[in-house]
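# Predicted model follows, preceded by the sequence.
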Amino acid sequence: MYVLRRIFKTKPGEARRVASLLQKQAQIYHDAGQRSEFRVYFNGATTPAEQDVVILEWTDESLMSPMRGDNQLPPAALEVGGQIRPLVESNRIEFWEMMSPDKMMDV
């Protein structure tokens, strides 16, 4: 099982707007069966974390390319993505393998 985390650095003052759009887009993917439960969090200068950052996080059993041949991206999600892009300065994705009892080492 993996944790996938997309981290967006937004233009100044746009974190809440980007978080709202990402919430909408992730729900579209979830409703289409292409994403598990997810969460979106942000800092719009209300917490001591780095400002103008939005994080979208979800889990998946495997890492798969969204451009794989059999995958049909929901058009509505692509439309929301078009609204997000002008509000973002940069983004990156992180992949983390989750610890489970079967992966434990004898230490």
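It's in.
# can we go C-alpha only for contacts and neighbour counts from here?
OK.
# Which stretches in this structure count as strands?
Secondary structure of the chain (DSSP state E): strands located at 2-10, 38-43, 53-60, 88-97.
# and these as TSV, adding mean neighbour count, mean pLDDT and distance to residue 105?
Putting the strands of the chain into TSV (neighbours: other CA atoms under 10 Å; pLDDT from 0 to 100; distance: least, CA to CA, whole Å) gives the following:
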stretch	mean neighbour count	mean pLDDT	distance to residue 105
strand 2-10	19	97	18
strand 38-43	18	96	29
strand 53-60	20	96	23
strand 88-97	13	97	15
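# Could you save those as JSON lines and add columns showing distance to residue 27?
Below are the strands of the chain laid out as JSON lines (distance: least, CA to CA, whole Å):
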{"stretch": "strand 2-10", "distance to residue 27": "15"}
{"stretch": "strand 38-43", "distance to residue 27": "8"}
{"stretch": "strand 53-60", "distance to residue 27": "11"}
{"stretch": "strand 88-97", "distance to residue 27": "18"}
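# Which of those sits closest to residue 16?
strand 38-43 (6.8 Å; CA to CA).
# isn't residue 8 right up against residue 87?
No. Counting by CA atoms under 8 Å, residue 8 stays clear of residue 87, with 9.6 Å between them.
# Ok, which of the strands of the chain comes nearest residue 68?
strand 53-60 (15.8 Å).
# Compute the inter-axis angle for the closest one and strand 2-10.
Between strand 53-60 and strand 2-10, the angle comes out at 160 degrees (axes from the mean of the first three to the mean of the last three CA atoms, to 10 degrees).
# quick one: strands adjacent to strand 53-60?
The strands beside strand 53-60 in its sheet (DSSP bridges) come out as strand 2-10 (antiparallel), strand 38-43 (antiparallel).
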